[in-house]
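1. need a 3D model of the following:
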Amino acid sequence: MARALCLVLCVVAACGGDLGPPRPRPAPTPDGKPALRVPGPRSPRLANYQIAARYDADARRIEATQTLRWTNGSGVAVTELPFHLYLNGFKNETTLFMTSSGGQHRGVEATGEAWGWIDVTSIKLGADELRGRATFVGPDETVLSVPLPAPVAPGASVEVAMTFTAQLPRAVARTGYEGAFAMVAQWFPKLGVLVGHRGFERWECPPFHVNTEFFADFGVYDVALTVPTTHVVAATGVLAAVVDHGDGTRTLTYRAEDVHDFAWMIDPYMQVLTATAQVDGQPVEIRVVHRPRQRGFARRHLMAAIGAVELFSRLFVPYPWSVMTVIDPPPEASATAGMEYPTLVTTAGDNVLMRPGIRLPEYVTVHEIGHNWFQGILATNEFREAWLDEGVNSWADGVVMDELYGAKHSGVAWGGWQAGMTRLQRVVGGRFSDLPSPIAASADVFVDNDAYGAASYGKTEAALRTLEAVVGRDRFLAAMRDYATTWAFRHPTGTDLWQSLEASLGEDLDWFVQPAFQHPGGVELAIRTVACRPHRAPRGVFGEGSGRRTVGPTDDGDTGGYACEVVIVNRGTIPVPVEVELRFADGTIDRFRWDARDGSRWHRATLTRSSPIVEVELDPDGEIALADDVLDDHLRLRPDRHAAWRATARITSWTQNVMQVVGL
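-> Residues are numbered from 1 along each chain as shown. Okay, the predicted model is just below:
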């Protein structure tokens with residue numbers, strides 16, 4: 001969807017000038033370093049990491065030690081610890097990531113110029129060296145299982161020390177280097193998560209697949225990075241200490257509490273632009289890290305970031321950390337752009353065509369920051385239910401963009417062209433009915449990455465927007481706020497989301513959830529027939545005996561009005577209420593509503609009016625975002641025609657809709 005959206009916005013950018021509506025304004029720059037927000041834990045803090053790493057800028061290699069203190073929060077004794085070794089997904093052409101991706105991600109190929117890998121050379125539990133007993137699990141070397149000398153009982157803790165070397169790949173799939181720039185993500189051995197009902201938990205630690213993003217337990221990260229003094233570093237959490245060694249290197253120590261990942265960036269040319277957002281009266285430092293030539297875009301990202309942090313906090317739960325860092329990678333490192341980590345995101349959209357008013361740069365920043373709520377705070381299982389983060393966040397970022405920039409021009413406000421972001425999302429969404437797998441499918445079972453993206457992002461966003469229209473915006477926002485508040489730092493599932501929404505809304509949502517999320521299919525609304533005839537008295541024989549009379553074609557039964565019939569159908573699998581707008585030759589407008597939740601697949605409306613129907617439109621307010629973008633949901637007729645629309649009418653209608661999107 002992002003690539004399609006970028007194409008639409010680039011076309012718009014080539015055609016006009018800036019309307020320049022107001023944007024969020026940055027608050028004053030704070031004095032001093034940000035402090036940790038809350039002294040006490042917000043999460044269970046089951047997986048706590050201490051990492052000491054040294055970065056070799058020439059080899060793009062990291063030598064590190066880490067100590068993991070893990071608490072068994074499950075109801076079962078644990079006899080092994082499985083670790084993700086994500087960088088091994090870039091080790092050679094036979095890995096699951098490479099075979100499932102075709103050797104590329106987001107259009108960027110993983111070449112043999114520079115492979116990535118991670119070697120774990122030591123694993124110690126006390127005095128016991130366990131590396132020789134550890135084995136790789138699965139089709140490649142992206143999961144390493146470590147058997148334990150003794151089971152770890154429920155509630156007990158264990159401390160594991162590891163030594164490892166991480167070689168960064170050439171930039172691909174969110175991580176790696178390009179020139180002097182490096183984005184260091186998914187770079188350390190990361191423990192899996194115990195999931196399932198209490199007493200029946202199992203490890204969730206699948207091999208690295210192109211469609212699977214990330215899932216881990218919350219904890220505290222204390223990470224010391226030894227780097228060249230000439231380089232700028234941005235990282236998850238708060239910079240707690242700096243030690244200059246006097247040999248051209250320094251050690252930066254970062255601390256991040258109640259997070260489930262740690263990522264960082266290093267580059268000798270970066271600059272930092274800062275400002276402050278306000279969340280519940282507390283300052284949040286906003287930092288945009290960028291190359292000098294990207295300074296103009298950095299200001300746009302900064303203002304969008306301030307607005308996003310403040311508005312997501314008001315809509316859902318307050319941002320719990322004291323810093324948000326936005327990294328704007330150089331264009332040549334675009335493979336690392338557009339990704340989220342706790343308190344840190346990478347953005348994108350810097351392009352000469354993205355003039356002020358073409359809001360793709362702002363949108364990417366808002367979208368990635370939004371993940372700090374649905375992936376960072378709620379921390380859903382992206383292996384099994386990617387839509388709970390990707391799709392829910394896509395719905396939420398549309399709400400935020402509309403609030404920040406105005407619903408009619410949150411996507412484009414340029415040279416007389418304008419369109420809201422939610423409208424643009426619908427245009428590029430495609431035909432959701434054609435997707436072979438349901439939204440709720442596990443990420444690794446989709447036929448390809450495009451199908452995964454369409455279902456997890458676009459179709460989920462459209463489904464939630466449709467449900468929002470059915471139950472009402474204010475009620476839906478309040479229900480989503482209840483969900484976020486209830487499940488913050490608790491790893492909710494899809495079932496938890498639906499049960500929370502039903503409790504808040506006070507109604508059963510199964511009529512929508514089952515067909516929209518658990519099964520393939522979509523909403524395929526269409527106008528089947530429209531006919532209007534002069535209204536006259538009915539013909540035939542009426543009455544009996546001496547009162548019998550016959551009305552024939554020569555009798556003057558014309559009442560001066562028109563008898564009209566409209567038949568609409570839903571060829572799809574998801575029942576939704578739909579508004580139907582009728583326009584008549586005399587300029588009057590009428591509407592009726594068909595509620596297909598009663599199980600009907602079609603509806604016939606009959607009515608008598610003083611003039612014939614000249615235009616019929618399904619869903620005139622654009623509330624059914626889940627509906628396929630088809631050609632037969634809008635029909636215009638010549639006033640004296642009673643036949644159904646023709647193919648030319650379909651093409652004309654589609655063209656008119658496209659022009660409407662860009663405001664022409």
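2. nearest the geometric middle of the chain, what residue?
-> Glu390 (2.9 Å; CA atoms, centre = their mean).
3. what comes up buried for stretch 318-331?
-> Under the neighbour-count criterion of 16 or more other CB atoms under 10 Å, stretch 318-331 has 318-330 buried. C-betas here are computed from N, CA, C, even on glycine.
4. endpoints of that stretch, how far apart?
-> Start to finish, the residues bounding stretch 318-331 are 33 Å apart (CA to CA, to the nearest Å).
5. how about stretch 54-67?
-> By CA to CA, the extent of stretch 54-67 from end to end equals 15 Å.
6. want to try JSON lines for the buried residues of stretch 318-331, with distance to His231 as columns?
-> Output for the buried residues of stretch 318-331, formatted as JSON lines (distance: CB to CB, whole Å):
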{"residue": "Pro318", "distance to His231": "33"}
{"residue": "Tyr319", "distance to His231": "28"}
{"residue": "Pro320", "distance to His231": "29"}
{"residue": "Trp321", "distance to His231": "24"}
{"residue": "Ser322", "distance to His231": "24"}
{"residue": "Val323", "distance to His231": "19"}
{"residue": "Met324", "distance to His231": "22"}
{"residue": "Thr325", "distance to His231": "16"}
{"residue": "Val326", "distance to His231": "19"}
{"residue": "Ile327", "distance to His231": "14"}
{"residue": "Asp328", "distance to His231": "17"}
{"residue": "Pro329", "distance to His231": "15"}
{"residue": "Pro330", "distance to His231": "14"}
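7. quick check: Gly132 is in a strand.
-> No - using DSSP: H, G, I helix; E, B strand; the rest coil, the secondary structure at Gly132 is helix, not a strand.
8. model confidence for Asp350, exactly?
-> Looking at Asp350, its pLDDT is 84.
9. and the nearest residue to Phe90 once chain neighbours are set aside, what does it touch?
-> Spatial nearest neighbour of Phe90, chain neighbours left out: Gly116 (3.6 Å); criterion: CB to CB, 6 or more residues apart in numbering. Under the criterion of CB atoms under 8 Å, 6 or more residues apart in numbering, the contact list for Gly116 reads 87-91, 166-169, 175-176.
10. let's see that with 7 Å instead.
-> Gly116 sits next to 87, 90-91, 167-169, 176 when contact means CB atoms under 7 Å, 6 or more residues apart in numbering.
11. can you pick the most crowded of the residues you listed?
-> Leu87 (30 neighbours; other CB atoms under 10 Å).
12. burial check on Thr606, number of neighbours?
-> 9.
13. dihedrals phi and psi, it?
-> phi -120, psi 140 (degrees, to the nearest 10).
14. rounded mean pLDDT for the helix or strand where Thr466 lies, please.
-> Element membership for Thr466 (DSSP states H and E) is helix 460-471. Taken as a whole, helix 460-471 has a mean pLDDT of 96.
15. show me what that helix is packed up against.
-> Using 3 or more CB pairs under 7 Å, 6 or more residues apart in numbering; DSSP states H and E, the elements in contact with helix 460-471 are helix 387-405, helix 421-428.
16. after the shortest one, which helix or strand is next?
-> What it means is helix 421-428. Past helix 421-428, the next helix or strand by DSSP H and E is helix 449-453.
17. for the first one, same thing?
-> Scanning the chain past helix 387-405 towards its C-terminal end, the next helix or strand to appear is strand 412-414 (assignment: DSSP H and E).
18. what's around the residue lying closest to Val259 once chain neighbours are set aside, how many residues?
-> Closest residue to Val259 apart from its sequence neighbours, by CB to CB, 6+ apart: Pro342 at 3.7 Å. Neighbourhood size, Pro342 [other CB under 10 Å]: 25.
19. ok, residues contacting the lengthiest helix in the chain?
-> Counting by DSSP state H, the longest helix found in the chain is helix 295-315. For helix 295-315, the external contacting residues (CB under 7 Å, 6+ apart) are 23-27, 273, 275, 277-279, 284, 286, 288, 290, 319, 324, 326, 328, 347, 350, 361-362, 365-366, 369-370, 373, 399-400, 403-404, 477, 481.
20. which of the residues in stretch 613-627 are buried?
-> So stretch 613-627, judged by 16+ other CB under 10 Å, has buried residues 613-620, 623-627.
21. quick one: the helices in this structure?
-> Using DSSP H, helices in the chain cover 2-13, 96-101, 295-315, 360-374, 387-405, 421-428, 449-453, 460-471, 473-487, 494-505, 510-513, 647-661.
22. and these as a markdown table, adding distance to Arg597?
-> Putting these into a markdown table (distance: least, CB to CB, whole Å) gives the following:
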| stretch | distance to Arg597 |
| --- | --- |
| helix 2-13 | 31 |
| helix 96-101 | 39 |
| helix 295-315 | 28 |
| helix 360-374 | 28 |
| helix 387-405 | 21 |
| helix 421-428 | 22 |
| helix 449-453 | 28 |
| helix 460-471 | 9 |
| helix 473-487 | 17 |
| helix 494-505 | 15 |
| helix 510-513 | 5 |
| helix 647-661 | 26 |
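23. okay, the contacts of Gly116 in JSON lines with distance to Pro147 next?
-> Output for the contacts of Gly116, formatted as JSON lines (distance: CB to CB, whole Å):
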{"residue": "Leu87", "distance to Pro147": "23"}
{"residue": "Phe90", "distance to Pro147": "27"}
{"residue": "Lys91", "distance to Pro147": "23"}
{"residue": "Gln167", "distance to Pro147": "26"}
{"residue": "Leu168", "distance to Pro147": "30"}
{"residue": "Pro169", "distance to Pro147": "30"}
{"residue": "Gly176", "distance to Pro147": "32"}
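24. narrow those to those in strands?
-> 167, 176 (DSSP state E).
25. and the contacts of Gly116 as CSV, adding pLDDT and distance to Gly73?
-> Below are the contacts of Gly116 laid out as CSV (pLDDT from 0 to 100; distance: CB to CB, whole Å):
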residue, pLDDT, distance to Gly73
Leu87, 98, 27
Phe90, 95, 32
Lys91, 96, 32
Gln167, 98, 33
Leu168, 98, 33
Pro169, 96, 34
Gly176, 96, 33
